[in-house]
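Q: the following comprises the amino acid sequence and a computationally predicted model.
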Amino acid sequence: MKRLLIFLVLLIAAAGSYISWLFQRDADGVPILTYYQVNDIDQNDRTLTVEQFDAQMNYLVNNGYNILTPSELLDAWQSGGSVPSNSVVITFDDGHVDAYKNVFPILQKYNVRATFFITTDFINLYPTYLTWDQIREMQASGLVDIESHTLNQRILTEIRSRDKIWDQLYGSKQAIEWYLKKPANFIAYPGGRYSLETEAISKEAGYRAAFTTNYGLAFNAPETYVFDRIQIFGANSHTLLRFKMRLNGAPIIAPLTRMKEQIAEDGNPEVADLIWIP
């Protein structure tokens, strides 16, 4: 019994040291939050209610977070300057109309800035997506920056033709620059999927950086075409708690997420399911 207690004490101490090491190692990482939809109709894990999103923005503002744009983050890193402590970047993927109806008023309420990665072929086409007039209004506010999510959200790694990958990346960039008369500097890969080829084409097309949906913090590194982000989920009764855990616990949750995915890929989904990820 005594040996067991000693073993448990040593195990807890080792776990504590490992957790401390993870936080120290990732101290310079910046969380880039990823949202999709905000409305009170859709019930799925990619949709937050208006109240939930409002509560999250309130939390960031009242807890002294420095909300940066992707350009500000890269400018600081690439100029050798320092990024303010407690910094965070807010992004939205797809370009759903609730970005204008529900998200934009909350950004105005808290004076918070966000980047919207839009699917340009869907704009002015589907009623569930934004219009160019709505996009122009948000861009003109200074709180919203519009960037690319490709032409039609095709998974780039599933496209066999390099020319068609180029069309997805460069075509959406051209559309944004033509309609908004401003540079499109960033791309969010559809489905978060990327390869060495998509990275190279993104750079060739003139993007400064590209973003995945891999869970993790973003770091200052020479390679700017694989920035990790933190997806923020909804459709549960503990969204604010879950939000805080994913935001503040990224140094621990990121390696656990990779471990869970690897175990599942190795053919052990039952074991992977035992690893709880908030």
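A: Looks like it arrived, so ask away. Numbers count the residues shown, from 1 in each chain.

Q: can you pull out the low-pLDDT segments for this protein?
A: 1-27 (pLDDT under 70).

Q: quick check, central residue of it?
A: What sits nearest the mean C-alpha location of the chain, by CA atoms, centre = their mean, is residue 34, with 3.1 Å.

Q: what segments of the stretch 51-200 of the chain are strands?
A: 66-68, 87-94, 114-118, 144-148, 186-188 (DSSP state E, counting those that start in this stretch).

Q: ok, residues contacting the longest one?
A: By that I understand strand 87-94. 30-37, 60, 65-70, 73, 99, 103, 112-119, 129, 149, 153, 188, 211, 218, 229, 247 (CB atoms under 8 Å, 6 or more residues apart in numbering). Just so you know, the C-beta spots here come from the backbone N, C-alpha and C atoms, and that holds for glycine as well.

Q: just stretch 235-255 next, same as before
A: Contact with stretch 235-255 is made by 19, 22-23, 25-26, 29, 31, 33, 43-45, 47-49, 52, 55-56, 59, 88, 215-217, 228, 230-233, 277-278, as judged by CB under 8 Å, 6+ apart.

Q: before we move on, the earlier item: elements contacting the helix or strand harbouring the residue nearest to the centre of the chain?
A: If you go by DSSP states H and E, residue 34 is part of strand 32-35. Here strand 32-35 touches strand 87-94, strand 209-215, strand 227-231, going by 3 or more CB pairs under 8 Å, 6 or more residues apart in numbering; DSSP states H and E.

Q: these: which one's closest to residue 260?
A: In terms of CB to CB, the element of these nearest to residue 260 is strand 209-215, at 10.0 Å.

Q: in contact with residue 145, which residues?
A: Contacts of residue 145 (CB under 8 Å, 6+ apart): 69-71, 113-116, 139.

Q: out of those residues, who has the most neighbours?
A: The most crowded member of the contacts of residue 145, judged by other CB atoms under 10 Å, is residue 116 (26 neighbours).

Q: wait, that residue touches residue 95, no?
A: Yes: taking contacts as CB atoms under 8 Å, residue 116 lies within contact range of residue 95: 6.3 Å.

Q: got any residues that touch both of those two?
A: Common neighbours of residue 116 and residue 95 (CB under 8 Å, 6+ apart) are residue 135.

Q: residue 190 and residue 149 touch, don't they?
A: Yes: between residue 190 and residue 149 a contact is recorded at 6.5 Å, counting by CB under 8 Å.

Q: ok, of the contacts of stretch 235-255, which come out buried?
A: Buried members of these, scored by 16 or more other CB atoms under 10 Å, are 22, 26, 29, 31, 33, 47-49, 52, 56, 88, 215-217, 228, 230-233.

Q: coming back round to it: for residue 257, which of the helices and strands packed on strand 32-35 is the nearest?
A: For residue 257, the closest of the helices and strands packed on strand 32-35 is strand 209-215, at 4.6 Å, according to CB to CB.

Q: partners of the closest one in the sheet?
A: Each strand paired with strand 209-215, and its direction, by DSSP bridges: strand 186-188 (parallel), strand 227-231 (parallel).
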